[in-house]
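In: With the input below, show me the fold.
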Amino acid sequence: MKKYRVKVNGKVYEVELEAVEEVSGTIEAPKASAPVASAPVSGGKATIVAPIGGKVLDIKVNVGDSVKKGQVVCIIEAMKLENEVVSNADGVVTAIKATKGATVANKDELIILG
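Out: Take a look at the predicted model:
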């Protein structure tokens, strides 16, 4: 083992590290999936709800647009992060309940598909 001194935010720490072998190749981080706004799908209608509370930065669809399951339909900012809201079903947008700039709570209805 080797001992090292590391300075973090003005404080000095002593750490011990074991010898490690170098391995060739690449390491890939797991891909993060966009939050899926799920809500009951019944009678040919689906409701896309906010997966997290925050501010609506953008609405990517209009009434009458066809959307596919997994398509980004809205962007919500929460804790300084932009969260893509994706459709939970295929359908046609029949109503948009949220407006750009509005603050929404978790599970608030955003978009209705028919």
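In: Residue 79: neighbouring residues, count only.
Out: When counting by other CB atoms under 10 Å, one arrives at 8 neighbours for residue 79. (Each C-beta comes from the backbone N, C-alpha and C, glycine too.)
In: ok, and the closest non-adjacent residue to it?
Out: Taking CB to CB, 6 or more residues apart in numbering, and ignoring the residues beside it in sequence, residue 79 has residue 54 as its nearest neighbour in space, at 7.7 Å.
In: SS state for residue 83?
Out: Three-state call for residue 83 (DSSP: H, G, I helix; E, B strand; the rest coil): strand.
In: Against residue 74, how distant is it?
Out: Applying CB to CB, to the nearest Å, the value for residue 83 to residue 74 is 9 Å.
In: just to revisit the earlier point, list the contacts for the residue nearest to residue 79?
Out: By CB atoms under 8 Å, 6 or more residues apart in numbering, residue 54 lies in contact with 76, 77, 78, 79, 83, 103, 104.
In: same check, this time on residue 13
Out: Going by CB under 8 Å, 6+ apart, residue 13 touches 5, 6, 7.
In: make it 10 Å
Out: 4, 5, 6, 7 (CB atoms under 10 Å, 6 or more residues apart in numbering).
In: Let's see which of the residues you listed end up in strands.
Out: Among these, the members falling in strands (DSSP state E) are 4, 5, 6, 7.
In: just to revisit the earlier point, what about residue 83 and residue 74, which has more around it?
Out: Legend: neighbour count by other CB under 10 Å for residue 83 and residue 74, higher for residue 74 (25 against 18).
In: mind checking how far stretch 17-24 is from the chain centre?
Out: 35 Å (CA atoms, centre = their mean, to the nearest Å).
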